[in-house]
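Engineer: Here is my input; please provide its structure:
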Amino acid sequence: MVRGARHRRAFASVGGPLLATAALSAGVAFAFVVPALANHTPAHTAAVKGLNATSNAAGLGDVASAPSLPAVIGQIIKAALTISGVVFLVLIVYAGFRWMTAQGNTDEIEKAKKTIQAAVIGIVLAAAAFAITNFVIGALAGVK
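Structural biologist: Alright, predicted model coming up:
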């Protein structure tokens, strides 16, 4: 087999899902930037005052006591990072078990190495998506 063809096939097996994961992470991360900033406008403040007056008149309490959109987004991101961390841990344990039970079979060892490599790349992408999202939302909202 030609050396270049082998590397292209290896990238296709890891690169396709990796690219899809990166695109999905970036899309989800940046889909929340504009809505998170929407509650910092004067129109939003006036709307909340009107809703509070109506809510208090109905005896339901203040609307402002409900969790804010950035807090909800933060909880969603926290849950996504928790899930990605658990998936990372499971993949690492699975690949380690596969490597240990390979009994010197080089094909099995290579599959285990590829699984570990894909898991590490995935967790790095998830952490980078979180860091970029946190930075962008903080910079646009003026929060440090």
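Engineer: Which of the helices or strands spans Ile92?
Structural biologist: helix 69-100 (DSSP states H and E).
Engineer: immediately after the lowest-mean-pLDDT helix or strand in the chain, which helix or strand?
Structural biologist: Least confident helix or strand, the chain: helix 33-37 with a mean of 54, by mean pLDDT, DSSP states H and E. Scanning forward in sequence from helix 33-37 by DSSP H and E, the next helix or strand is helix 42-57.
Engineer: in that next one, what's buried?
Structural biologist: Across helix 42-57, burial judged by 16 or more other Cβ atoms under 10 Å covers 48, 52, 55. From N, CA and C alone the C-beta is placed, and that goes for glycine too.
Engineer: now it: mean pLDDT?
Structural biologist: Per-residue pLDDT over helix 42-57 has a mean of 72.
Engineer: Check which helices and strands that helix sits against.
Structural biologist: Judged by 3 or more Cβ pairs under 8 Å, 6 or more residues apart in numbering; DSSP states H and E, helix 42-57 is in contact with no other helix or strand.
Engineer: okay, it in PDB with CA atoms only?
Structural biologist: Once non-C-alpha atoms are left out, helix 42-57 reads as follows in PDB (Å, rounded to 0.1, in the frame of the first residue of the first chain):
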ATOM      1  CA  PRO A  42     -33.200  48.900  27.200                       C
ATOM      2  CA  ALA A  43     -36.100  47.300  25.500                       C
ATOM      3  CA  HIS A  44     -35.600  44.100  27.500                       C
ATOM      4  CA  THR A  45     -35.400  46.100  30.700                       C
ATOM      5  CA  ALA A  46     -38.700  47.900  29.900                       C
ATOM      6  CA  ALA A  47     -40.300  44.600  29.000                       C
ATOM      7  CA  VAL A  48     -39.200  43.000  32.300                       C
ATOM      8  CA  LYS A  49     -40.700  46.000  34.200                       C
ATOM      9  CA  GLY A  50     -44.000  45.600  32.400                       C
ATOM     10  CA  LEU A  51     -44.000  41.800  33.000                       C
ATOM     11  CA  ASN A  52     -43.200  42.300  36.700                       C
ATOM     12  CA  ALA A  53     -46.100  44.800  37.100                       C
ATOM     13  CA  THR A  54     -48.500  42.300  35.400                       C
ATOM     14  CA  SER A  55     -47.100  39.400  37.300                       C
ATOM     15  CA  ASN A  56     -47.400  41.200  40.600                       C
ATOM     16  CA  ALA A  57     -50.900  42.200  39.800                       C
END
